[in-house]
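# below are the sequence and a predicted model; questions follow.
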Amino acid sequence: MTLTLAEVSYDRLFQLTLQLEPGLHVIVGNVSDGTLDLLQLCGGDVPPRRGRVLIDGEAPHRSPQLRRKLGCAYSDAPFEEKLVRDAVARRLELHECSVTPESALARFGIEPLLTRAASTLGALDRHALELAIALSIESPKALLLYEPLAFGGGFDTELVLSALRRQAEHSVVVCATASPRTAALLGPAALLLEDGRLKRHIVAPTRPAFTPGARARVRIECAHAELMAEALTRHPAVSGLTWQRGDAFLIVEGSEVEALSGAILSLSVEREWWISQLTQVLPDPVEIRATHAALARAAYETTHHRLHTDRGERP
């Protein structure tokens with residue numbers, strides 16, 4: 001089972017080439033970068049203007065039978081049906097699912113939504129229903145999900161992550177998000193989509209990986225935040241620290257996430273300081289874009305200077 005994009009161009013996407021095998025694939029980018037266009041092309045909603053999109057050798061926009069085996073959760077369109085139960089039942093039937101609306105939603109703890117009128121649903125509730133339907137498809141060819149951890153209806157994040165990982169054992173699961181934090185929760189690797197082009201593969205979603213040259217940052221919530229801050233200022237792995245008196249959290253900086261985490265956990269065990277939460281502080285898409293623009297400018301100026309130096313000219 002393979003999802004292939006060959007020299008695909010459409011609206012915000014430019015000559016995109018990508019081949020994905022079964023597994024969980026995370027793509028980081030904004031809608032303006034083309035994430036939604038990518039999902040719509042793979043879901044068969046629109047044909048590419050140039051290039052080919054194939055799932056198991058078939059073009060999804062030409063194959064209704066293939067689209068029945070695709071789980072899609074990226075549309076913000078209101079349901080046409082009056083009742084939520086009717087809307088869910090119709091979509092489960094369309095995808096040839098054997099489960100009932102009740103069991104499909106009960107699995108994620110959102111069965112109470114079935115009693116509501118469709119017109120009363122907010123965007124997050126509709127998104128939760130789309131996710132539940134997509135994750136109820138038996139043996140899907142692919143799952144195409146936008147912001148799979150942003151939902152209403154009382155969804156449990158761990159339940160969704162577990163369901164995604166189970167489906168990824170046999171199907172291509174593509175999750176698009178604008179949040180590096182969500183990317184880190186979804187998997188250990190991500191693809192960065194910027195201005196319609198895949199920039200690079202990020203092996204570990206850390207701050208230095210997203211924004212080369214930036215220091216790693218870790219946020220600690222701790223009952224002994226003041227003592228932790230004092231001890232960490234003397235640790236060689238820590239190059240910077242932010243803490244305000246009275247706060248129960250602090251942010252530490254260093255060159256490597258692993259070294260920072262090791263220092264924090266060692267102190268926690270040694271001094272018996274209980275840590276309630278330990279998380280990375282990741283950059284937002286604006287910071288990522290600004291960093292890459294600065295790197296591109298620096299590379300241009302270096303090449304320009306070297307070229308004129310080699311010619312014996314004044315740059």
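Looks like it came in fine.
# going forward, measure contacts and count neighbours with C-alpha atoms only.
Will do.
# give the contact list for residue 136.
For residue 136, the contacting residues are 92, 97, 99, 104, by C-alpha atoms under 8 Å, 6 or more residues apart in numbering.
# ok now do the closest residue in space to residue 15 that isn't next to it in sequence, which residues does it touch?
Nearest non-adjacent residue to residue 15, counting by C-alpha to C-alpha, 6 or more residues apart in numbering: residue 7, 4.1 Å away. Residues near residue 7 by C-alpha under 8 Å, 6+ apart: 14-17, 50-52.
# turn those into TSV, including distance to residue 190, pLDDT and neighbour count.
Listed next are these as TSV, based on distance: C-alpha to C-alpha, whole Å; pLDDT from 0 to 100; neighbours: other C-alpha atoms under 10 Å:
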residue	distance to residue 190	pLDDT	neighbour count
14	19	92	17
15	19	91	16
16	16	92	19
17	16	93	16
50	25	94	14
51	24	95	16
52	23	96	18
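# among these, which are located in strands?
Residues of those located in strands (DSSP state E): 14-17, 50-52.
# residue 25: which of those is nearest?
Residue 25 has its nearest neighbour among the ones in strands among the contacts of residue 7 in residue 17, at 14.7 Å by C-alpha to C-alpha.
# shouldn't residue 25 be within a strand?
Yes. Counting by DSSP: H, G, I helix; E, B strand; the rest coil, residue 25 is found in a strand.
# just the element for the nearest residue to it once chain neighbours are set aside, please.
Using C-alpha to C-alpha, 6+ apart and skipping the chain neighbours, the partner closest in space to residue 25 is residue 174 (4.9 Å). Using DSSP states H and E, residue 174 maps to strand 172-177.
# packing partners for that strand?
Here strand 172-177 touches strand 23-28, helix 35-42, strand 142-146, going by 3 or more C-alpha pairs under 8 Å, 6 or more residues apart in numbering; DSSP states H and E.
# tell me the most buried of these?
Each of those was scored by mean neighbour count; the highest is strand 142-146, a mean of 26, by mean count of other C-alpha atoms under 10 Å.
# and the helices in the stretch 1-150 of the chain?
Taking DSSP state H, counting those that start in this stretch as the test, the helices found in the stretch 1-150 of the chain are 35-42, 64-67, 84-94, 101-106, 123-134.
# now swap in the stretch 151-300 of the chain and tell me
Counting by DSSP H, counting those that start in this stretch, the helices of the stretch 151-300 of the chain are 157-168, 180-186, 207-210, 225-232, 257-271, 285-310.
# reformat those helices as JSON lines; add distance to residue 150.
JSON lines is the format used below for the helices of the stretch 151-300 of the chain (distance: least, C-alpha to C-alpha, whole Å):
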{"stretch": "helix 157-168", "distance to residue 150": "9"}
{"stretch": "helix 180-186", "distance to residue 150": "9"}
{"stretch": "helix 207-210", "distance to residue 150": "21"}
{"stretch": "helix 225-232", "distance to residue 150": "30"}
{"stretch": "helix 257-271", "distance to residue 150": "26"}
{"stretch": "helix 285-310", "distance to residue 150": "17"}
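# switch those over to CSV; also include distance to residue 75 and mean pLDDT.
Conversion of the helices of the stretch 151-300 of the chain to CSV gives the following (distance: least, C-alpha to C-alpha, whole Å; pLDDT from 0 to 100):
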stretch, distance to residue 75, mean pLDDT
helix 157-168, 18, 92
helix 180-186, 19, 81
helix 207-210, 28, 68
helix 225-232, 43, 90
helix 257-271, 36, 83
helix 285-310, 22, 73
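# between those, which gets nearest to residue 123?
Residue 123 sits nearest to helix 157-168 of all the helices of the stretch 151-300 of the chain, at 17.6 Å, using C-alpha to C-alpha.
# does anything pack onto that closest one? Which helices or strands?
Helix 157-168 packs on strand 23-28, going by 3+ C-alpha pairs under 8 Å, 6+ apart.
# how far does the strand it packs on sit from the chain's center?
The chain centroid and the centroid of strand 23-28 are separated by 7 Å, computed with C-alpha atoms, centre = their mean, to the nearest Å.
# would you turn the helices and strands packed on strand 172-177 into JSON lines with mean pLDDT and distance to residue 131?
Below are those laid out as JSON lines (pLDDT from 0 to 100; distance: least, C-alpha to C-alpha, whole Å):
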{"stretch": "strand 23-28", "mean pLDDT": "93", "distance to residue 131": "15"}
{"stretch": "helix 35-42", "mean pLDDT": "95", "distance to residue 131": "14"}
{"stretch": "strand 142-146", "mean pLDDT": "97", "distance to residue 131": "8"}
